[in-house]
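Colleague: Test case, fold it:
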Amino acid sequence: MTREILIVAAALALALGGTPVARRLAHQFGVLDQPNARKVHVKPTPLLGGVAIYSAFVLALLFLGDRFYVNQVVGIFVGASFVSFLGLVDDSRGLHPLIKLGGQIVAALILVLSGVYADIFPGNGLDVALTVLWVVGITNAMNLLDNMDGLSGGLAAIAAAFFMVLAGLSHQYLVGALAAALLGACIGFLRYNFNPASIFMGDSGSLFLGFVLAATAIKLRFPSNVVLVTWMIPVLVLGLPIFDTTLVFISRLRRGLNPLTTPGKDHISHRLARLMGGSRREAVLTCYLLAGAFGLIAIFLTQAAILEAYAVGLTVLSICLWALWRLEQTPVSDPPTP
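Modeller: Residues are numbered from 1 along each chain as shown. Okay, here's the model as predicted:
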């Protein structure tokens, strides 16, 4: 665990130093997020925070990671770099949603070809399909969550922290190193991104975070329990992004909107802010607490018997379904008609 702590510290320092540089570059090259009716910020804000997160993550692993293990995750580095580059192009010039989706599928297939895929079903066909669905789903879920100051970066840091703890409990250095680098990079970036933010991560950051978290979850193994239980652990650690994506899809489909291309203030963060009298900071902190609760349940499941695990899982699912219904009652504003 000592090496993981050093990686956290290195990534944190690199992100603290690199984010102001990324902010200056964004101003210099005009890579700014302009305010509009569907966004909560009111002035143009730099968008290159993702570059700082990416750089801190990669450099921390190169400096302090064990080269034997790092060489095993070339596929993760290549795939993460690819989706981050797609996000950077989208931030600066704009990309059609189908091109972004196609790029995410290619990145997921890069993972599979490098040997990083789910190992749940007999044979490889279903595992490959599940891996692509999981990677694309989590990548987009983190992208959708990047809608308030400090939200996506904070939730990624919490998920990475739980993955690091889970890796430590089962002595998996590789997963622990990946999670540690992501944790430090996110915390360093949050120094400038928490409300009121002076820089956003942009798609280059949110897509990168989602991809790395999805890949880290796939690499995580739980030798002390059976797969009938352990599949639930990464799902719970990333439970809030999954919940938010489900909420947004259901809400937009019910209103006759395309859930993939329609923007709007209909995420869990927006709805919590309305319930809390408009406080975006309180909404973000509440999301942090919910993500922490999901993570603690995930740690419990590592040692749970099958009946215990499914009793807890069904309880969590019931609460989530109730929360979906309750939050759907909160009024949302549809985006203006073009």
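Colleague: Can you check the pLDDT for E4?
Modeller: With respect to pLDDT, E4 scores 92.
Colleague: same question, the one 4 residues further on
Modeller: V8 carries a pLDDT value of 97.
Colleague: Secondary structure element holding it?
Modeller: helix 2-29 (DSSP states H and E).
Colleague: Give the pairing partners of the following helix or strand past that helix; include direction for each.
Modeller: Scanning forward in sequence from helix 2-29 by DSSP H and E, the next helix or strand is strand 32-33. Paired strands of strand 32-33, with direction, are strand 45-46 (antiparallel) (DSSP bridges).
Colleague: ok, residues contacting the partner strand?
Modeller: For strand 45-46, the surrounding residues in contact (Cβ atoms under 8 Å, 6 or more residues apart in numbering) are A22, R23, A26, H27, V31, L32, D33, A197, S198, I199, F200. (C-beta placed from N, C-alpha, C; glycine too.)
Colleague: ok, now which ones touch the spatially closest residue to E282 that is not a sequence neighbour?
Modeller: Leaving out its chain neighbours, the residue that sits closest to E282 by Cβ to Cβ, 6 or more residues apart in numbering is M276, at 4.8 Å. By Cβ under 8 Å, 6+ apart, the contact set of M276 is E282, A283, T286.
Colleague: Please pick the buried ones from these.
Modeller: Those of those that meet the buried threshold are A283, T286, by 16 or more other Cβ atoms under 10 Å.
Colleague: Among the contacts of M276, find me the one that's closest to L166.
Modeller: L166 has its nearest neighbour among the contacts of M276 in T286, at 23.8 Å by Cβ to Cβ.
Colleague: How much space separates that closest one from L155?
Modeller: Distance, T286 to L155, using Cβ to Cβ, to the nearest Å: 12 Å.
Colleague: L12 now?
Modeller: 17 Å.
Colleague: Looking at those two, which has the bigger crowd around it?
Modeller: Using other Cβ atoms under 10 Å as the criterion, L12 and L155 rank with L155 on top: 28 against 23.
Colleague: what's the helix or strand for G292?
Modeller: Under the criterion of DSSP H and E, G292 resides in helix 280-301.
Colleague: how big is the angle separating the following helix or strand past that helix from helix 280-301?
Modeller: Sequence order places helix 306-328 as the next helix or strand after helix 280-301, per DSSP H and E. In terms of direction (axes from the mean of the first three to the mean of the last three Cα atoms, to 10 degrees), helix 306-328 departs from helix 280-301 by 160 degrees.
Colleague: gap between W322 and S206?
Modeller: Applying Cβ to Cβ to W322 and S206 gives a distance of 28 Å.
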